[in-house]
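1. what would the 3D arrangement of this be:
(chains A, B, C and D)
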There are 4 protein chains.
Amino acid sequence: MNNFGRIFRVTIFGESHGECVGVTIDGCPAGLPLSAEDFLVDIERRKGGVQRGTTPRKEDDVPLFKSGLFNGHTTGAPLTILFENKNTRSGDYEKHRATPRPGHADFTAHAKYGGFEDFRGGGHFSGRLTVCLVAVGVVAKKLLKGINVASTILEIGGEADLEKGLDKAIEAKDSIGGIVECRVNGLPVGLGEHFFDSVESLLAHAVFAIPAVKGVEFGAGFAAARMFGVEHNDAIEDETGKTRTNHAGGIVGGITNGNELVYRVAIKPTSSTPKEQNTWNSETNQVEPFSVKGRHDLCIALRVPVILEAVTAMVLADLMLLAQRIKPVMER
Amino acid sequence: MNNFGRIFRVTIFGESHGECVGVTIDGCPAGLPLSAEDFLVDIERRKGGVQRGTTPRKEDDVPLFKSGLFNGHTTGAPLTILFENKNTRSGDYEKHRATPRPGHADFTAHAKYGGFEDFRGGGHFSGRLTVCLVAVGVVAKKLLKGINVASTILEIGGEADLEKGLDKAIEAKDSIGGIVECRVNGLPVGLGEHFFDSVESLLAHAVFAIPAVKGVEFGAGFAAARMFGVEHNDAIEDETGKTRTNHAGGIVGGITNGNELVYRVAIKPTSSTPKEQNTWNSETNQVEPFSVKGRHDLCIALRVPVILEAVTAMVLADLMLLAQRIKPVMER
Amino acid sequence: MNNFGRIFRVTIFGESHGECVGVTIDGCPAGLPLSAEDFLVDIERRKGGVQRGTTPRKEDDVPLFKSGLFNGHTTGAPLTILFENKNTRSGDYEKHRATPRPGHADFTAHAKYGGFEDFRGGGHFSGRLTVCLVAVGVVAKKLLKGINVASTILEIGGEADLEKGLDKAIEAKDSIGGIVECRVNGLPVGLGEHFFDSVESLLAHAVFAIPAVKGVEFGAGFAAARMFGVEHNDAIEDETGKTRTNHAGGIVGGITNGNELVYRVAIKPTSSTPKEQNTWNSETNQVEPFSVKGRHDLCIALRVPVILEAVTAMVLADLMLLAQRIKPVMER
Amino acid sequence: MNNFGRIFRVTIFGESHGECVGVTIDGCPAGLPLSAEDFLVDIERRKGGVQRGTTPRKEDDVPLFKSGLFNGHTTGAPLTILFENKNTRSGDYEKHRATPRPGHADFTAHAKYGGFEDFRGGGHFSGRLTVCLVAVGVVAKKLLKGINVASTILEIGGEADLEKGLDKAIEAKDSIGGIVECRVNGLPVGLGEHFFDSVESLLAHAVFAIPAVKGVEFGAGFAAARMFGVEHNDAIEDETGKTRTNHAGGIVGGITNGNELVYRVAIKPTSSTPKEQNTWNSETNQVEPFSVKGRHDLCIALRVPVILEAVTAMVLADLMLLAQRIKPVMER
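-> Numbering: from 1, shown residues only, chains lettered A, B, ... in the order given. Predicted coordinates:
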């Protein structure tokens, strides 16, 4: 399913080497001021070609508003935004069809869609679609007035010093993984729905739509598995719910507790490594050495912070819209 | 939301100290043989009072079929199963209402539901509801013929030796966390839906509905963040998609690749620890020492394996039902 | 699917001759006062055995609250209500299995569920489940403070005089159909969601879940097909949107316009008629004369008003909860 | 919500006088051959400017495939199709903003979206969006191999002779309503889901998304309300479920019974009539005479048949994809 969200509902479409990628946001309230300029900063943050370790492929990535915007404001009708794919070199991919790239969706997509999938550059499975997530994030952040969503890279290749981590990859002529953290301040107490729609459930669901994410942890996360209860429990200090420590990462019982929301994701190394690998060749039915051509990021984690912010804002905007529905009805 | 699933749709209800907890499964195919005996083993595995480190509270936990079962088979109509709460001691909880228990949903539930929540024993937020998940798992596993879902505890309090981990907790007179792994064999290639409904997304969503889960990782997981690409990528070896290594944990591009599905969850220490803690008292508006009474597990991770299997089977049954819809239509 | 609603989500289960029928309401706001007495009037209105033309079967139909209610108020957790089936005579049905009753779901249910369906008394397809709808309606009406939902029977067997219509049926020793109207006053302008979730779409969807409904029309309805534009258009008279006429039935562009909501449903004659009919016998593979035994309503339309009110209130409660979410977010 | 469907999920967006209207179909199976030519006939059938009584506004309405199509086949990824709005004359509408057109969504949209709605030509509420439904219908019909979906106009302005009905409108210089019927042959027994997702529920839901529909009836429909049971019941004649009569319209208990699916919709007269009307003017706060300018259909019912086929095919494609999921799982 390319849908996500109950009130603020997002539908994503497009392929890496098709004409465009795009997104429709249904349920965005009317009256939100919105312009192409609002998207510049976050789209720039996502782009490759700026930092060492990211792909030289660049797209202008100007948001093309196709519906839902009128006189500079959202209308309440579905907001559709396209991003053209201008800079595609499909030739890079077609000749490699017999050799499914290790770590990519080539093999699984072929099996699932019976060979009808658009295999160029990963098609619908490409990281290219994350530009749509970033666009959703821009809109969602504007809805989340007074709430700050910020991501940072914690480590690259196990190094807290990012330069050192990248140097390891450049030196090894190989791609490398990393860990990215997201923190949200200013959230009210009470977001999240019981049982299946805990804040953790919804964020994790959305986060695993980002290609290359292989793990997620909230607050103390995996470290909590090695703690005693008295150590892990956050003592509540006042009527706002402020806690002395924040091992829970701002979520208790699946509901925000008014403290900072903190979580981290593990990003695997870019599947497309410059190194030679082995893979099965469907024409020869043999395992053969294989080299990925094309332009790729050495460290995809470098692009993840703004995408992680985007899916976080998307989930929280939906929860805010859900949460505020209850009181007014009872108080009428 | 207490709903989960697109075809095999589960609705969960009930409170820890109410009359019962229960579950409705909508979309279970007709004709599945089902009896109370099918539930015995998994419900027994979930029960406390058996191992050291689990709560002495016991419920008979006989599944009461209220709908959807006829002549020993599912009918295709919604299957509703209740579990009575026989062994409740609400008095344990009522007097502590002014002091929200650290690590529990007391504070967040109160804020969210304006004091109307059933606060006895955690109410709807209680781990008691996981008996419903286990029941769902029993049904889902029966649908997953030829597919094996199995969970094990990897570590308790950082110790691979479970006894040693429990001893640490008993000695410290404190609760303790752990890590539980789930492995699934026999899955076809191609389960999972593109973009938002990757297998990781759906499993993570469901898994964070289990109380006390604070992290999830697939395959190499967080370790992948410290790996090089050539190290992490799993080389495909033949037309079945079998890979030499399995760092992906059986999922590539969000789709099962025919290898073993492997993932792990981090379980925080039980929030109810025998140790004295501090918490804010809403009557005195002061932070005060506080002791949890009642019967509680020292290590909730001990109960998690069967619950983790259950939500895994629930997600996979839904994906199996979804996946098998496509070919027949095209082939008519 | 046995689910309906986006915020106020209803799940229905049970069979006519099983142990019980029931309903879970997820998303009902916390703090709504609720007691068994609230249900008495509407459940009484639905019961047979009171008026001429309704079945002598009676159930006590006391609502059994299984979850979501605490100290006389909803808790915000799922509200589950059961109704026991005390007065079942399954023997009436079993011997007729080879002869699918004309107008009933016997044949279609058998084909769909492969013979595993609970065939006793229509099983899950029985009108018995409408007691659950009535219960939902009671809760929904309490949420709709200041909004009045009222249904009346417009005609029985083509007669505006109900007694005359019933006399026709009694005289003919046959069942008979009718038309029921629902009117809602006090609705705000602006309920309904664009494109697929117009108020008409949602009401019609819910209404066709009531067994025996074969048509629905809003405002002038089918008569509108025979009108000129100038005749049909309702002239707006002031800033509240009040119109001189109400051919639109209170809905324009799928959105409530602040005028009275008016719509009607066509109810077919009860399928179980005392008259002899023909049907195919699966054992003899012949068409044979056939008589329905058991207790049945001559005119099911007599029971429909309270059920129609219930589904109307259910849909409107959901739309009210949805509508009130937008402004607060923008105004924060 | 602009979403519809569980498996074959449709999202619609765009405005009458914006840049384009469009649709995304998620869940369309991979491998369906599809080209722009497949759309020609149905899009031509929908166009105005051909028959007497339809608007002279024409759009080329060439489907622009933006995603989900590769080498002439669907890929299994979301299929997005745009239709450009080339022939817009917004000037017609802007000056009338103070006078909400009777019968249009002007007033309700303004109230709902606080004045931020795109009011030009009805914006997102315009009949222009039905070109997207027609496109969905083209895809859905291709999935429904061996199933024939056909609509005809039964009457215009109460006349079975269409020319006579149109003459009435032309003579009266007024718009006029009509009745359109849809019949489907070749459906299997067993489509439709119990309780809330009866075939009638889903079709009615979708049908009321078509602007100007004010009523729907299945089989005998409203006439059933005036029938006796023995008259209405369709006698089953053989093991295929074939019935002697078809008052049920091919649906019993909400499930298809293998007979022809038959249903009708009531279309109100086009709201934009050439006749002078009265409406409230928000600037003068007075009721004033008012004339609709712009190009409009005298009888919108003339365009409805192909749209009704489209939504019918959309619903049935979704039900076919749902229905075929069950057997394979049980038979593995």
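
2. from here on, contacts and neighbour counts on C-alpha atoms
-> Fine.

3. packing partners for the host helix or strand of A:Thr80?
-> For A:Thr80, the host element (DSSP states H and E) is strand A:79-84. Judged by 3 or more C-alpha pairs under 8 Å, 6 or more residues apart in numbering or on different chains; DSSP states H and E, strand A:79-84 is in contact with strand A:20-26, strand A:64-67, strand D:9-14.

4. mind listing what's buried along it?
-> A:Leu79, A:Thr80, A:Ile81, A:Leu82, A:Phe83, A:Glu84 (16 or more other C-alpha atoms under 10 Å in any protein chain shown).

5. for C:Pro269, state which of those residues is nearest.
-> A:Leu79 (46.7 Å; C-alpha to C-alpha).

6. now do the strands in the stretch 101-250 of chain A.
-> Assigned by DSSP state E, counting those that start in this stretch, the stretch 101-250 of chain A shows strands spanning A:148-156, A:178-185, A:213-218.

7. please identify the most buried of these.
-> strand A:213-218 (a mean of 28; mean count of other C-alpha atoms under 10 Å in any protein chain shown).

8. tell me what that one is packed against?
-> Short answer (3+ C-alpha pairs under 8 Å, 6+ apart): strand A:213-218 packs on helix A:199-207, strand A:261-267, strand B:213-218.

9. what sits against the residue nearest to A:Ser201 when sequence neighbours are not counted?
-> Of all residues not flanking A:Ser201 in the chain, B:His205 sits nearest, at 4.1 Å (C-alpha to C-alpha, 6 or more residues apart in numbering or on different chains). Going by C-alpha atoms under 8 Å, 6 or more residues apart in numbering or on different chains, B:His205 touches A:Phe196, A:Asp197, A:Glu200, A:Ser201, A:Leu202, A:Ala204, A:His205.

10. now the two most distant members of these.
-> Pairwise distances across those (C-alpha to C-alpha) peak at 11.9 Å, for the pair A:Phe196 and A:Ala204.

11. the more surrounded of the two?
-> Taking neighbours as other C-alpha atoms under 10 Å in any protein chain shown, A:Phe196 and A:Ala204 compare with A:Ala204 leading, 31 against 24.

12. verify the contact between the more buried one and B:Val199 for me.
-> No: A:Ala204 is beyond contact range of B:Val199, at 11.7 Å (criterion: C-alpha atoms under 8 Å).

13. contacting residues for A:Ala225?
-> B:Ile156, B:Gly157, B:Gly158, B:Ile176, B:Gly177, B:Gly178, B:Ile179, B:Ala266, B:Ile267, B:Lys268, B:Pro269.

14. and if we set it to 6 Å?
-> Applying C-alpha atoms under 6 Å, 6 or more residues apart in numbering or on different chains to A:Ala225 gives the contacts B:Gly177, B:Gly178, B:Ala266, B:Ile267, B:Lys268.

15. and the third one, how far from B:Ile300?
-> In this case it means B:Ala266. 11 Å (C-alpha to C-alpha, to the nearest Å).

16. of all the strands of the stretch 101-250 of chain A, which one comes closest to D:Glu15?
-> strand A:148-156 (32.6 Å).

17. the closest one vs strand A:178-185, what angle?
-> Relative orientation of strand A:148-156 and strand A:178-185, computed by axes from the mean of the first three to the mean of the last three C-alpha atoms, to 10 degrees: 160 degrees.

18. tally up the residues packed near the closest residue to A:Phe222 other than its chain neighbours, please.
-> Leaving aside its chain neighbours, A:Phe222 sits nearest to B:Ala266 (5.0 Å; criterion: C-alpha to C-alpha, 6+ apart). Per other C-alpha under 10 Å, the neighbour tally for B:Ala266 reads 27.

19. do A:Cys132 as well
-> Neighbour number of A:Cys132 under other C-alpha under 10 Å is 27.

20. helix, strand, or coil at the closest residue to A:Pro29 other than its chain neighbours?
-> Setting aside the residues directly before and after it, A:Pro29 is nearest to A:Gly76 in space (C-alpha to C-alpha, 6+ apart), at 5.1 Å. Secondary structure, DSSP: H, G, I helix; E, B strand; the rest coil: A:Gly76 is coil.
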